[in-house]
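In: Got a predicted structure here, sequence first:
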Amino acid sequence: QVRLVESGGGSVQAGDSLRVICAASGRTFSDSIMGWFREAPGKEREFVAGITWLGGRTNYADSVKGRFEISRDSAKNVIFLEMSGLTPEDTAVYYCAAGTGGTWQSIKWNFWGQGTQVTVSS
């Protein structure tokens, strides 16, 4: 059974940094693309960042480019999202996801974590 468990969320001030972590288990992820999404109150869930498990290619939403960095520790099956320059607009529940697909636009996100809350106050 695939499990994605997020941790590391919390409440910070604008301008602060925070790292959220996703621990993945239950299958081999070498053929997977791992991603971070977020869902703010009253808004749809949106893609934040993704990384290919094999090769470590990354992709980011325009809103977080230059501020967020996604990485993985293949030995420990852990995905990180390093967030810096946080603003109140980054406040959301952050979800980890695992998917497959040939291009960033065609990824099917098959598995999801339960989410971790990130709150940024001004």
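Out: Looks like it arrived, so ask away.
In: So what touches stretch 46-58?
Out: Identification of contacts with stretch 46-58 by C-beta atoms under 8 Å, 6 or more residues apart in numbering yields 29-39, 59-61, 64, 68-72, 74, 79, 81, 94, 104, 107. Glycine gets a C-beta too; all of them are placed from N, C-alpha and C.
In: mean confidence for it?
Out: Averaged over stretch 46-58, pLDDT sits at 94.
In: same check, this time on stretch 74-90
Out: On average, stretch 74-90 scores 96.
In: Okay, and the residue nearest the centre of the chain sits in which element?
Out: Nearest to the mean C-alpha position of the chain, by C-alpha atoms, centre = their mean, lies residue 36 at 2.1 Å. Taking DSSP states H and E as the criterion, residue 36 maps to strand 33-39.
In: now residue 13, nearest residue through space, not along the chain?
Out: residue 121 (5.9 Å; C-beta to C-beta, 6 or more residues apart in numbering).
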